[in-house]
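Colleague: dropping the sequence and predicted coords here.
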Amino acid sequence: MTAERPLPVALLLPGQGSQHPLMATGLYGYEPVFTEAMDEFFDAAGPEGGPLREDWLAERPATELDHVTRSQPLLFAVDLALGRLVLSWGVRPAALLGHSIGELASSVLAGVFSTRDAVCLVLDRVGRLAKAPPGGMLAVAASTAEVEPYLGGDVVVGAVNAPRQTILAGPDGPLDKAGRALGEAGFVCRRVPSLSAFHSPVLEPACRGAAERFAAVRRNTPTVPVHSAYTAAPLTRADIDDPSFWARQPVAPVLFWPALEGLLATGDHLLLEVGPGQGLSQVARRHPAVRRGTSTVVSLLPARPGPPEADRAAVGAAAARIAGAGSLTARAATSRGAPSSAPAV
């Protein structure tokens, strides 16, 4: 990978489980593009915008950040704002791949939905999901075949993140039972930060009626290919036009690894994670294309929560790596995170 022959950039946008208190807040009021995008989200959220902003900026949020009414809208907003920041540097992504709520954020970046419409859809979604029965998610270091004997009682495979990283989802009681059995069998398990059984049938009743909301908004052809983690293929016009495709996403399993395989089958990429933490980066580094060095991974934010300066330093370091790879075509004059080596238009 050289500046003369740069790798195409694919943005990876994380979802549930990546959230943490003060995520990306070190950039708020510091990076103008990021700040403007977050303010646009809070404004579009109407009466919900104020409480969302307060909990996002609080060390101890009034509503727990793992609750669906906080994790989902704030992850969507942070993913989207970070994506806007990267675009402001002159990065022209060749593809977008989002995990869970990250797919909706990637669709906004690609122009499928307007920001305001998407914010309304996200708030409608979380309002419905907040009424669903409690549940959770469990990450298991095992293949889908290995976990199959432990499924049941509404516990299902909620996500396939890697060949040996499977996420189970379901009601708390049956999920805990499955976790104990898996632990006794020697599998390493950990709970995903979530108070809802995302990507499981538990949420299906709560999603009824959501398709009508998606049917009521304009959906455009993406300006950049969006590789869907629900179909493991680029979004088609049929996907975009089908309101039930979007409405069922909280219920449908996430096929992140198959989608990543499909993306990298089109050629090597610089995979840039734009979201809190480095969960998708860690998964992507397991891919053979990354392990052999033909594709590479860059994370925009630190792996763990830290002081505001850590967010700023990580963004600056990521921008420098992207510039060094020759993947910047422009630099926004107001962006403090973009490196001085980035060429101007």
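Modeller: Received, thanks. It should be emphasised that the depicted structure is a prediction, and the values quoted were computed from it without experimental measurement.
Colleague: and the strands in the stretch 101-250 of the chain?
Modeller: Listed in chain order, the strands found in the stretch 101-250 of the chain under DSSP state E, counting those that start in this stretch are 136-140, 156-162, 165-170, 189-192, 226-228, 233-234.
Colleague: now render these as CSV, adding distance to residue 52, mean pLDDT and mean neighbour count.
Modeller: To be clear about C-beta, it is placed using only N, CA and C from the backbone, and glycine gets the same treatment. Converted to CSV, the strands of the stretch 101-250 of the chain look like this (distance: least, Cβ to Cβ, whole Å; pLDDT from 0 to 100; neighbours: other Cβ atoms under 10 Å):
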stretch, distance to residue 52, mean pLDDT, mean neighbour count
strand 136-140, 22, 98, 23
strand 156-162, 25, 98, 22
strand 165-170, 25, 98, 25
strand 189-192, 22, 97, 16
strand 226-228, 25, 98, 25
strand 233-234, 31, 98, 17
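Colleague: residue 258 is nearest to which of these?
Modeller: strand 156-162 (6.6 Å; Cβ to Cβ).
Colleague: if we can go back for a sec, among the strands of the stretch 101-250 of the chain, which is nearest residue 311?
Modeller: strand 189-192 (22.8 Å).
Colleague: same list, the strands of the stretch 101-250 of the chain, but as a markdown table with distance to residue 146 please.
Modeller: Below are these laid out as a markdown table (distance: least, Cβ to Cβ, whole Å):
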| stretch | distance to residue 146 |
| --- | --- |
| strand 136-140 | 8 |
| strand 156-162 | 11 |
| strand 165-170 | 8 |
| strand 189-192 | 12 |
| strand 226-228 | 26 |
| strand 233-234 | 26 |
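Colleague: of those, which approaches residue 65 most closely?
Modeller: strand 189-192 (13.3 Å).
Colleague: can you pull the contacts of residue 126?
Modeller: 68-69, 72-73 (Cβ atoms under 8 Å, 6 or more residues apart in numbering).
Colleague: same question, residue 260
Modeller: By Cβ under 8 Å, 6+ apart, the neighbours of residue 260 are 97, 227, 283-284, 287.
Colleague: swap the cut-off to 7 Å and go again
Modeller: 97, 284, 287 (Cβ atoms under 7 Å, 6 or more residues apart in numbering).
Colleague: same deal with residue 201?
Modeller: 154, 156, 251.
Colleague: output the residues you listed as CSV; include the columns distance to residue 321.
Modeller: Shown next, in CSV, are those (distance: Cβ to Cβ, whole Å):
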residue, distance to residue 321
154, 43
156, 38
251, 37
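Colleague: pLDDT below threshold where in the protein?
Modeller: Low-confidence segments of the chain (pLDDT under 70): 1-4, 329-345.
Colleague: now do the helices in the stretch 151-300 of the chain.
Modeller: 172-184, 204-207, 210-215, 237-241, 243-247, 256-265, 279-284, 288-291 (DSSP state H, counting those that start in this stretch).
Colleague: from the contacts of residue 126, which is closest to residue 268?
Modeller: For these, the nearest to residue 268 is residue 72 (32.3 Å; Cβ to Cβ).
Colleague: ok, now how distant is that closest one from residue 79?
Modeller: Going from residue 72 to residue 79 by Cβ to Cβ, to the nearest Å gives 11 Å.
Colleague: looking at the two, which is more packed in?
Modeller: residue 79 (31 against 26; other Cβ atoms under 10 Å).
Colleague: element containing the more buried one, please.
Modeller: Secondary structure assigned from DSSP states H and E places residue 79 in helix 68-88.
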